[in-house]
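Engineer: Give the three-dimensional model of this entry:
(chains A, B and C)
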Amino acid sequence: MQISTYQTVYNLVKKIPKGKVTTYGLIAEKLRFVNKNINAHVVGWILHKNNNPLVPCHRVVDRNGRLAPNFAFDGAREQKRRLESEGIKFTDEMHVDLKNHLWII
DNA sequence: AAGTTGACGACGA
DNA sequence: CTCGTCGCCAACT
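Structural biologist: Below you'll find the predicted structure:
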């Protein structure tokens, strides 16, 4: 069975270490380096469809470190709570401190 | 098969 | 800073 694009995305997101976050664009960039032509929009859309608890999608934010508006998880509030429980700090109500927590492979 | 969707990114205003 | 527009592409309907 061929690995679909979204399986590839999940596989990468699962590798995000605890206490770190990454961005949609960064994920797209890494996967493009493998072989998939993907963009940030597709990554976000794939995660939206995700229902797999093994994928720590709360560690994925947009390029500014901002959390997903209100459509993700149980709301941005819940996502923020999870990230804080992993030691991630926020510069704002909706923004992760990317400077200290951005995941770089 | 073709059109729509989408948790984004970059840029302009 | 926010908002609108365009671009990007796979999966969905």
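
Engineer: quick one: contacts for A:Ile3?
Structural biologist: Residues in contact with A:Ile3 (CB atoms under 8 Å, 6 or more residues apart in numbering) are A:Asn11. Heads up, the C-betas are built off the backbone N, CA and C, glycines and all.

Engineer: give me the number of residues near the residue nearest to A:Val43 when sequence neighbours are not counted?
Structural biologist: Of all residues not flanking A:Val43 in the chain, A:Tyr24 sits nearest, at 4.4 Å (CB to CB, 6 or more residues apart in numbering). For A:Tyr24, the neighbour count with other CB atoms under 10 Å is 23.

Engineer: ditto for A:Ile104
Structural biologist: Using other CB under 10 Å, A:Ile104 has 6 neighbouring residues.

Engineer: Looking at it now. What's its pLDDT?
Structural biologist: Predicted confidence (pLDDT) for A:Ile104: 88.

Engineer: What separation do you get for it and DNA strand B?
Structural biologist: Distance, A:Ile104 to DNA strand B, using CB to the nearest atom of the strand, to the nearest Å: 15 Å.

Engineer: got it, and A:Leu102?
Structural biologist: Using CB to the nearest atom of the strand, A:Leu102 is found at 12 Å from DNA strand B.

Engineer: And that residue, its phi and psi?
Structural biologist: phi -70, psi 130 (degrees, to the nearest 10).

Engineer: Put the alpha carbons of stretch A:51-71 into PDB.
Structural biologist: Extracted C-alpha coordinates of stretch A:51-71, given in PDB (Å, rounded to 0.1, in the frame of the first residue of the first chain):
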ATOM      1  CA  ASN A  51      -9.100  11.900  14.200                       C
ATOM      2  CA  ASN A  52      -6.100  10.000  15.400                       C
ATOM      3  CA  PRO A  53      -5.200  10.700  19.000                       C
ATOM      4  CA  LEU A  54      -1.600   9.500  18.300                       C
ATOM      5  CA  VAL A  55      -1.000  12.600  16.300                       C
ATOM      6  CA  PRO A  56      -0.200  15.500  18.600                       C
ATOM      7  CA  CYS A  57      -1.800  18.100  16.300                       C
ATOM      8  CA  HIS A  58      -1.900  20.600  19.100                       C
ATOM      9  CA  ARG A  59       1.800  21.000  18.600                       C
ATOM     10  CA  VAL A  60       1.200  22.400  15.200                       C
ATOM     11  CA  VAL A  61       0.500  26.100  14.800                       C
ATOM     12  CA  ASP A  62       0.700  28.600  12.000                       C
ATOM     13  CA  ARG A  63       3.800  30.400  11.000                       C
ATOM     14  CA  ASN A  64       3.300  33.200  13.600                       C
ATOM     15  CA  GLY A  65       2.900  30.700  16.400                       C
ATOM     16  CA  ARG A  66      -0.800  31.400  16.500                       C
ATOM     17  CA  LEU A  67      -3.200  28.600  17.600                       C
ATOM     18  CA  ALA A  68      -6.000  27.400  15.400                       C
ATOM     19  CA  PRO A  69      -9.000  29.800  15.700                       C
ATOM     20  CA  ASN A  70     -11.900  27.800  17.100                       C
ATOM     21  CA  PHE A  71     -12.500  24.900  14.800                       C
END
